[in-house]
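got a predicted structure here, sequence first:
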Amino acid sequence: MMIRPYGYPIRMERNQLERFKRWFTEYSGRFLGDDEYVNANLRLKQEHTARTCSEIVHLAQELALDDNEVRIAELTALFHDVGRFPQFAQYRTYNDLRSIDHGQKGVEVLRAERVLDSLPADERQWVQTAVGLHNRKSLPSTLKGRALLFTKLVRDADKIDIFRVVMEYYRCRRNNPQSPCTLEIEIELPDTPQYNPEVLDAVTNEQAVDWAKLRTLTDARLCQLGWVYDLNFTPSLRRIDECGYLTDLIGFLPQDDAIQRLCWKVLEYVDLRLGR
Ligand SMILES: [Fe+2]
């Protein structure tokens with residue numbers, strides 16, 4: 001690590017970020033092969049990574065972070081799903097419950113490949129923490145400072161792009177109900193209107209949903225609706241609202257009384273938080 005003449009380490013430079021991007025392209029490409037099913041699913045994650053990077057840069061700029069912080073934020077987005085590639089190659093699923101914790105796997109990959117060795121120790125730690133915790137149901141209360149900031153940023157940016165991915169998936173299912181979509185998403189559940197009342201209760205009470213409780217795609221959609229309470233930054237909520245994801249998502253839910261009440265509650269919360 002280089003030291004400036006007046007004593008503190010030089011932070012991550014733009015060209016360093018470009019090197020990390022080239023490493024990511026090379027690493028994720030290692031898992032492409034003859035199996036087109038695997039390739040298509042891996043490309044989905046390459047694309048998700050690129051979009052999460054642009055979402056986080058947009059978010060970090062909205063929050064007026066400085067240039068170095070924006071670069072670190074982008075790095076967390078670049079690597080947040082690096083564990084997805086070995087996960088899918090080995091298990092042919094993105095379902096963590098049936099395979100491995102892909103956030104933790106991502107940290108193992110970064111360590112084993114010594115990817116972050118050129119970064120100052122504090123920045124390396126923030127990136128590893130954000131990657132390792134980006135997919136946790138909730139965050140440990142001990143998490144503080146920049147580690148917490150970058151973890152919150154990547155969780156929001158990830159959710160913004162997952163909204164796009166799953167809305168495309170739901171539309172695909174609706175338009176081709178007979179033929180299964182060729183792309184795997186984390187959710188492998190039957191598309192039926194039934195739902196688990198425990199999921200509805202958790203979302204109504206603004207609590208994180210235990211993924212093991214999801215039994216149908218309706219449960220998954222309810223859980224996703226509850227993400228509005230888990231978004232850390234108002235610009236993230238504004239982005240999801242501007243893209244029309246919430247209205248679209250509500251359109252995919254069966255409208256019984258309990259769900260309608262929940263939808264009104266969620267929309268009221270969004271209005272309040274966006275100052276409308
Ligand atoms: Fe992820």
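Okay, I see it.

pLDDT weak spots in the stretch 151-276 of the chain?
Applying pLDDT under 70 to the stretch 151-276 of the chain flags residues 178-187.

near the ion, which residues of the stretch 151-276 of the chain?
The stretch 151-276 of the chain has no residues near the ion, with proximity defined as Cβ under 5 Å from the ion. All C-beta spots, glycine's among them, are computed from the backbone N, C-alpha and C.

where's Arg124 relative to Leu116, distance?
4 Å (Cβ to Cβ, to the nearest Å).

the more surrounded of those two?
Per other Cβ atoms under 10 Å, whichever of Arg124 and Leu116 has more neighbours is Leu116, with 21 against 18.

give me the three-state assignment for that one.
Of the three states, Leu116 takes coil under DSSP: H, G, I helix; E, B strand; the rest coil.

quick check: it touching Val109?
No. With contact defined as Cβ atoms under 8 Å, Leu116 and Val109 do not form a contacting pair (10.7 Å).

what residues sit buried inside stretch 188-197?
By neighbour count with 16 or more other Cβ atoms under 10 Å, stretch 188-197 contains the buried residues 195-196.

okay, how far is it across that stretch, tip to tip?
19 Å (Cα to Cα, to the nearest Å).

what's near enough to touch Glu198?
Counting by Cβ atoms under 8 Å, 6 or more residues apart in numbering, Glu198 makes contact with Lys213.

before we move on, what about the one 5 residues further on?
If a contact means Cβ under 8 Å, 6+ apart, then Val203 has 209, 222-223, 225-226, 262 as its contacts.

next: Arg30.
Taking Cβ under 8 Å, 6+ apart, we find Arg30 in contact with Phe85.

do that again at 10 Å, thanks
42, 85-86, 89 (Cβ atoms under 10 Å, 6 or more residues apart in numbering).

work out for me the element Pro235 sits within.
Using DSSP states H and E, the element containing Pro235 is helix 234-242.

so which bits of that helix are buried?
Along helix 234-242, these residues count as buried under the neighbour rule (16+ other Cβ under 10 Å): 235-241.

and for stretch 101-116?
101-107, 109-110, 115-116.

tell me which of these is nearest to Asn176?
His102 (27.7 Å; Cβ to Cβ).

for the ion, what are the nearby residues on the stretch 1-150 of the chain?
For the stretch 1-150 of the chain, the residues found near the ion under the criterion Cβ under 5 Å from the ion are 81, 135.

what segments of the stretch 101-250 of the chain are helices?
For the stretch 101-250 of the chain, the helices defined by DSSP state H, counting those that start in this stretch cover 102-112, 121-133, 145-175, 197-204, 217-225, 234-242, 245-251.

please consider this matter closed, and thank you.
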